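# A structural model of the following input is requested.
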Amino acid sequence: MSSSAIHPQTIVPWETALLDELEDKPGDSVTVKMAKELEAEEWRMAEEAERVHKEQEAKAK
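The predicted model follows:
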């Protein structure tokens, strides 16, 4: 039996995840760690895009 059957791991969409949910936890598989890393990067990129958008709106006024 695989370890994922014993300890099921859920990947939370980055849009709804809290930062602590994106951190690695003991027992995370390599795949889960990679997914969390990608989700964290997407979260950072989305925040940066929002910041840039707000700056552009402010300049347009």
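# Low-confidence stretches in the chain?
1-24 (pLDDT under 70).
# Packing partners of the lengthiest helix in the chain?
As assigned by DSSP state H, the longest helix anywhere in the chain is helix 30-60. With contacts taken as 3 or more C-beta pairs under 8 Å, 6 or more residues apart in numbering; DSSP states H and E, helix 30-60 sits against helix 19-22. C-beta here means a position set from N, CA and C on the backbone, and glycine is covered the same way.
# Can you report how many residues lie near Lys36?
Using other C-beta atoms under 10 Å, Lys36 has 21 other residues around it.
# Also His53?
His53 - counted by other C-beta under 10 Å - has 10 other residues nearby.
# just to revisit the earlier point, tell me the buried residues in the longest helix of the chain?
Across helix 30-60, burial judged by 16 or more other C-beta atoms under 10 Å covers Val32, Ala35, Lys36, Glu39, Ala40.
# Save those residues as a markdown table, and put in distance to Ala60 too.
Below are those laid out as a markdown table (distance: C-beta to C-beta, whole Å):
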| residue | distance to Ala60 |
| --- | --- |
| Val32 | 42 |
| Ala35 | 37 |
| Lys36 | 36 |
| Glu39 | 31 |
| Ala40 | 31 |
